[in-house]
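Colleague: sequence and predicted structure below; questions after.
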Amino acid sequence: MRHVWPPGGPAGELDRAALTELYAHPAGPRPFVRVNFAASADGAVSVDGRSTGLDAPGDRTLFGVLRELSDVILAGSGTVRAEDYRGARTSEAARARRRARGQAAVPPVAVVTATPALEPDAALFTDTAVPPLVVTTATAAPAARERYAGLAEVLDAGDLSPAAVLDSLAARGLPRVLCEGGPGLFGSFAAAGLVDELCLSVAPQLVGAGPGRIVAGPELPAPLPLRLTSALAHDDGLLLRYTVSPFE
């Protein structure tokens, strides 16, 4: 178990280079699914329906590092709408680092949706450096290609199961997946046993009753064991990283 408490760097700042080394993906050809969430100390996943209401110190810095390390950013259509998703924002330095790792300069956002219901004028399509990916069912793919022509690349993921989604991304050369939710998408991947790592930023807040947890959707066949691989204290928040063990 590896603890960083706290990382190097000036007081009040996080060392991006240290974070990049700490959160580097393991070597290997198979898809790797990293899930990233923020939650309050009492388990709330949002404030007023949006995760941006959770103030986890250091989370925005880590958020940028995780996006930079990933091949693709995965989100469900509900999260894309609620959070008004747009393309990843990167600097020239970040693009150079990605190219040096053999990655595309900018990671695309891939939205998982059973129907092409997202509006073509959404920020996902209009405010991005690279076209997003629309991952949908075999049935919905033709309509999605027509609706988002010139705006996005449509991937046919068959029945839209988690395994089919990963297969479609891997076939596109995108094996390192950063899943940013929402809870339903995370829950479906967890129930399928296809989550490798959970990054959880704990905000020093009590939100109270109402908001849901980071996992929703299908029930898990059994509790999934987690192994703490790093813990970073920053101001009053915690940045936790867990390896997710297979179902026993």
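Modeller: Sure, I can see it. Numbers count the residues shown, from 1 in each chain.

Colleague: for the rest of this, base every contact and every neighbour count on C-alpha atoms.
Modeller: OK.

Colleague: so for stretch 222-242, what gets flagged as buried?
Modeller: The neighbour-count check on stretch 222-242 (16 or more other C-alpha atoms under 10 Å) flags Leu228, Ser230, Ala231, Leu232, Ala233, His234, Gly237, Leu238, Leu239, Leu240, Arg241, Tyr242 as buried.

Colleague: just the ones of these in strands?
Modeller: Mapping these onto strands (DSSP state E) picks out Leu228, Ser230, Ala231, Leu232, Ala233, His234, Gly237, Leu238, Leu239, Leu240, Arg241, Tyr242.

Colleague: ok, the first one touching Leu240?
Modeller: Yes - with contact defined as C-alpha atoms under 8 Å, Leu228 reaches Leu240; the gap is 7.4 Å.

Colleague: backbone dihedrals for Ala17, please?
Modeller: The phi and psi torsions at Ala17 (degrees, to the nearest 10) take the values phi -60, psi -40.

Colleague: how many other residues sit next to it?
Modeller: Applying the criterion other C-alpha atoms under 10 Å, we find 12 residues in the vicinity of Ala17.

Colleague: ok, it to Gln103 distance?
Modeller: The spacing between Ala17 and Gln103, counted by C-alpha to C-alpha, to the nearest Å, is 18 Å.

Colleague: end-to-end on stretch 80-99?
Modeller: In stretch 80-99, first residue to last residue: 27 Å (C-alpha to C-alpha).

Colleague: this protein: helices as residue ranges?
Modeller: According to DSSP state H, the chain carries its helices in the segments 16-22, 59-69, 77-82, 92-100, 123-126, 141-147, 162-171, 183-191.

Colleague: quick one: buried residues of stretch 16-30?
Modeller: Arg16, Leu19, Thr20, Leu22.

Colleague: kindly state the pLDDT recorded for the first one?
Modeller: The pLDDT attached to Arg16 in the predicted structure is 87.

Colleague: ok, it - contacts?
Modeller: Thr61, Leu62, Val65 (C-alpha atoms under 8 Å, 6 or more residues apart in numbering).

Colleague: could you measure from it over to Glu146?
Modeller: Counting by C-alpha to C-alpha, the separation of Arg16 from Glu146 is 41 Å.

Colleague: domain assignment for the protein?
Modeller: Following automatic domain parsing, one finds the domains of the chain at 31-70+181-248, 72-174.

Colleague: between the two ends of the last one, what distance do you get?
Modeller: Between the opening and closing residues of domain 72-174 lies a distance of 6 Å (C-alpha to C-alpha).
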